[in-house]
Structures are given as structure tokens and as C-alpha cells.
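A.B. asks: here you go, sequence then predicted model.
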Amino acid sequence: MIDKKNFHPLNYIKKEEYSGSMDGMRYMLKKAKAEDGDVIRVTIWPEPFGISKTPDDKKQSIDVPLTEEGVEMAADWLNEQYIKQEDKWKESLRTPLV
């Protein structure tokens with residue numbers, strides 16, 4: 001699980017993509033443009049491949065504000081999705097690279 005007390009990538013996200021993984025669930029946070037201005041786009045997908053090699057239908061995304069509160073919202077969403085889809089993430093760890 002992501003510990004919000006130690007999850008502070010906002011300044012990094014403003015300049016670069018921030019990615020990580022958690023027991024079969026990969027994630028990326030990056031600055032993106034939305035109708036109302038800049039946001040953090042949070043994307044998750046299953047192991048074993050990186051985001052560019054994973055089909056779009058296996059990815060899920062949300063947009064949150066480009067603020068410290070948005071980073072907390074992102075951490076909450078990542079944790080929620082990990083719990084809700086835990087079987088999917090665990091199965092992805094058993095998927096052989098082809």
C-alpha cells in the first residue's frame with residue numbers, strides 16, 4: 001500500500017512522469033492538460049509490461065488536481081484500486097513474458 005505520509009512526488013510530477021509498481025499493479029502519475037488547466041493523470045495497469053506495451057483496454061486512469069491534495073487523492077485511488085482488483089494484480093505476477 002502507498003503510505004501518503006511518504007508519498008510526495010508533486011514537484012517531480014510537474015517536470016517528469018512518476019511511475020512505480022505495487023505487487024502486480026503498475027502505476028504512472030504525470031502532468032496532463034485538461035479543460036480546466038493542468039492535472040495529474042493517474043494510470044494503472046497490470047504487470048508485466050510497461051505502459052507503452054500494455055493495450056489501452058487494460059489501463060485505467062483518473063485525473064486529479066495538480067496539487068498536494070491531488071497527490072493524496074491519487075494515493076487514495078491507487079490504494080483503493082489495488083484492494084478492489086487485488087486478484088487481478090496477483091494473477092498478473094504469474095503471467096509469463098512472451
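C.D. replies: Ah, there it is.
A.B. asks: now the helices for the protein?
C.D. replies: For the chain, the helices defined by DSSP state H occupy 10-13, 68-84, 86-93.
A.B. asks: now the ones you listed as JSON lines including distance to W45, mean pLDDT and mean neighbour count?
C.D. replies: Bear in mind the C-beta positions are built from the backbone N, C-alpha and C, glycine included. Putting these into JSON lines (distance: least, Cβ to Cβ, whole Å; pLDDT from 0 to 100; neighbours: other Cβ atoms under 10 Å) gives the following:
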{"stretch": "helix 10-13", "distance to W45": "18", "mean pLDDT": "93", "mean neighbour count": "16"}
{"stretch": "helix 68-84", "distance to W45": "11", "mean pLDDT": "97", "mean neighbour count": "16"}
{"stretch": "helix 86-93", "distance to W45": "9", "mean pLDDT": "94", "mean neighbour count": "14"}
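A.B. asks: can you pull the poorly scored residue ranges out of the chain?
C.D. replies: Low-confidence segments of the chain (pLDDT under 70): 97-98.
A.B. asks: among the helices of the chain, which comes closest to I44?
C.D. replies: helix 68-84 (5.6 Å; Cβ to Cβ).
A.B. asks: just to revisit the earlier point, Q60: which of the helices of the chain is closest?
C.D. replies: Here helix 68-84 is closest among the helices of the chain (Cβ to Cβ), at 6.9 Å.
A.B. asks: cool, thanks, talk later.
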